[in-house]
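*Asks:* Fold the following.
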Amino acid sequence: MDLSFLKTLYQRPGPFASVYADLTRTTEDASKAVELRWRALRADLEAQHAPKAMLRAIEQTIDEEMRARRSEGLVIFAADGEVTHTERLPGPPRT
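*Replies:* Here you go, the predicted model:
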């Protein structure tokens with residue numbers, strides 16, 4: 001497994017975050033469902049003291065992906081208030 005993409009993450013000061021976002025759009029209220037799932041993820045990250053700049057960057061990445069409708073799942077790595085790597089999944093992440 002090639003994990004070289006993580007090098008850009010570790011070259012930055014922490015804190016670090018990894019988010020596996022379920023962007024499934026199989027229902028009429030898909031946007032609302034994604035919003036609720038993101039709120040739950042955000043609450044978890046806030047409980048772990050994730051910086052606000054990092055949360056904004058992750059949320060912006062999720063919003064952009066939802067507008068583009070490119071994937072059903074997204075992996076996001078962030079550090080130092082920025083998203084450093086994203087990867088689209090063929091389906092939603094496993095729970």
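
*Asks:* Please count neighbours and contacts with C-alpha atoms only from this point.
*Replies:* OK.

*Asks:* Could you give the number of residues near Val19?
*Replies:* Around Val19 there are 16 other residues, counting by other C-alpha atoms under 10 Å.

*Asks:* wouldn't Phe77 be in contact with Arg88 here?
*Replies:* No: using C-alpha atoms under 8 Å, Phe77 makes no contact with Arg88, being 12.0 Å away.

*Asks:* can you pull out the helices in the protein?
*Replies:* Using DSSP state H, the helices of the chain run over 7-10, 30-47, 52-68.

*Asks:* other SSEs contacting the second one?
*Replies:* In this case it means helix 30-47. With contacts taken as 3 or more C-alpha pairs under 8 Å, 6 or more residues apart in numbering; DSSP states H and E, helix 30-47 sits against strand 16-22, helix 52-68.

*Asks:* And the average pLDDT for that helix is what?
*Replies:* Helix 30-47 shows a mean pLDDT of 91.

*Asks:* and that helix, how far from the chain's centre?
*Replies:* Between the centre of helix 30-47 and the centre of its chain there are 10 Å (C-alpha atoms, centre = their mean, to the nearest Å).
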